[in-house]
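Student: Got a sequence here, can you build the structure:
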Amino acid sequence: MEVQEEQTQEEMILSFLAEGGDEYTSGAALSDKLGLSRTAVWKHVESLRKLGYRIEAIPSRGYRLTEVPDRLTSLELDPLLSTREIGLTLHAFEKVDSTNSTAFKLAADGAMHGEVVVAEEQTSGKGRRGRSWSSPPGKNLYCSLILRPDLPPARASELTLVAAVALAETLRDAGVKAEIKWPNDVQVAGRKIAGILTELSADTEKVHFVVVGIGVNLNCGAEDLPEELRETATSLKLTRGQPVMRALFTAALWTRFESWLDRHTAEGFSPVRDAWRSYSATLGQEVLVKSEARELRGTAEDIDEQGALLIRKSDGSVERVLAGDVEQVRAKKST
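Tutor: The predicted structure follows:
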């Protein structure tokens, strides 16, 4: 387990080198800033090189960072984060059974609002309704955010839609036209690229904490996906034809998510609902909603003030759906 709450000396060295950009930072300057000997600085630089950081060293000029490995730890993420709370305490793992399960345990033990669990690989990644989430190592983003919102339990589901809007916008900024499929999938050209799993601990009157799990297919290829998903799933790399730096995408997503959380706190669900509608791949379609109890067919007309899907049936009546799997029956109506 790797838990990083305060900057280590190696993180500080990386921060100084990152600030220097293409310029060299002298060993003497690093020694003065860190209160370390030149030899100690050199040892930390060697440790960073072993982790995959390319750091040039030229006598009398100093050190320069030329390449950063595609990893998701505090070393990579801290210099990129501009959030107030989200991700400032990071629990980074090479492998876990599930980031949601790990985050839930941490939250139950007192982890604070904004702490995040991130893993390079999940052995039992969790999807909705007991399904698994395919999690090839070192390719994608698997993270779970711990939130302690001041919300009644009935409104906790709104946070799933907050996350979906933040995801759709971050993916669009990365160059793909992402759309949200109710309730918690994000798609590109009809193929799933990301999913959200929200779990909470609450009593009848108060939410104790919420864990928002987010999985995004970033750099996986078709060969990394299970055969049964290759026709229905995609990744950012597959869609736009080039890989993404995972740390940059992750930092951008957490920043966007915190911004929407702030707006949700200040203005309520209405602006989230408006944004969700604008990115929806579900509204206006004839759909089949499958739940454990039954199937419902009709036109997805809207979401209500709690994020429930409103289905207009063939007899003209409208039914409110709180949970279920949505399948498109025919193409989205033109407007």
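Student: Show the pLDDT at R330.
Tutor: What the model reports for R330 is a pLDDT of 57.
Student: can you check V186 too?
Tutor: The predicted local confidence for V186 comes out at a pLDDT of 95.
Student: what ranges do the helices span in the stretch 1-150 of the chain?
Tutor: All helices of the stretch 1-150 of the chain, identified by DSSP state H, counting those that start in this stretch, fall at 9-20, 27-34, 38-50, 74-77, 99-108.
Student: Could you dump the ones you listed into JSON lines with mean pLDDT added?
Tutor: Shown next, in JSON lines, are those (pLDDT from 0 to 100):
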{"stretch": "helix 9-20", "mean pLDDT": "83"}
{"stretch": "helix 27-34", "mean pLDDT": "92"}
{"stretch": "helix 38-50", "mean pLDDT": "92"}
{"stretch": "helix 74-77", "mean pLDDT": "86"}
{"stretch": "helix 99-108", "mean pLDDT": "96"}
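Student: so can I have a markdown table of those showing distance to G221 and mean neighbour count?
Tutor: Where you see a C-beta, it was placed from the backbone N, CA and C, and this is true even at glycine. Written out in a markdown table, the entries for the helices of the stretch 1-150 of the chain read as follows (distance: least, C-beta to C-beta, whole Å; neighbours: other C-beta atoms under 10 Å):
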| stretch | distance to G221 | mean neighbour count |
| --- | --- | --- |
| helix 9-20 | 29 | 18 |
| helix 27-34 | 39 | 16 |
| helix 38-50 | 27 | 15 |
| helix 74-77 | 22 | 24 |
| helix 99-108 | 22 | 21 |
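Student: and of these, who's closest to Q328?
Tutor: When the helices of the stretch 1-150 of the chain are compared for distance to Q328 using C-beta to C-beta, the nearest one is helix 99-108, at 27.3 Å.
Student: Enumerate residues external to that closest one that contact any of its residues.
Tutor: For helix 99-108, the surrounding residues in contact (C-beta atoms under 8 Å, 6 or more residues apart in numbering) are 91, 93, 96, 111, 115-119, 122, 124-126, 142-146, 197, 199, 201, 208-209, 211, 213.
Student: one more time with 6 Å, if that's ok
Tutor: Contacting residues not belonging to helix 99-108 are listed as 96, 117, 119, 126, 142-144, 146, 197, 209, 211, 213 [C-beta atoms under 6 Å, 6 or more residues apart in numbering].
Student: again, but for stretch 173-183
Tutor: Contact partners of stretch 173-183, identified using C-beta under 6 Å, 6+ apart, comprise 164, 168, 171-172, 186-188, 236, 239-240, 279-282, 309, 326.
Student: Same question for stretch 112-126.
Tutor: Stretch 112-126 is touched from outside by 72, 85-87, 89-100, 102-103, 132-133, 135, 137-138, 142-148, 197, with contacts defined as C-beta under 6 Å, 6+ apart.
Student: Buried ones in it, by neighbour count?
Tutor: For stretch 112-126, burial by neighbour count (16 or more other C-beta atoms under 10 Å) applies to 113-122, 125-126.
Student: now the strands for the stretch 201-335 of the chain?
Tutor: Counting by DSSP state E, counting those that start in this stretch, the stretch 201-335 of the chain has these strands, from start to end: 207-216, 286-290, 295-303, 309-312, 318-321, 325-328.
Student: Tell me how far the residue of the chain positioned farthest from its centre lies from K33.
Tutor: No residue in the chain has its C-alpha farther from the mean C-alpha position than S60, which lies at 42.4 Å (C-alpha atoms, centre = their mean). To K33, S60 is 19 Å away according to C-beta to C-beta, to the nearest Å.
Student: Over to S270?
Tutor: Where K33 is concerned, S270 sits at a distance of 47 Å (C-beta to C-beta).
Student: quick one on the thing from earlier: most packed of the strands of the stretch 201-335 of the chain?
Tutor: Highest mean neighbour count of the strands of the stretch 201-335 of the chain: strand 207-216, a mean of 23 (counted as mean count of other C-beta atoms under 10 Å).
Student: what about that one, average pLDDT?
Tutor: 96.
Student: Which pLDDT value belongs to E121?
Tutor: At E121, the predicted lDDT confidence score is 90.
Student: For it, name its beta-bridge partners.
Tutor: When bridges are taken as DSSP bridges, the partners of E121 come out as K95.
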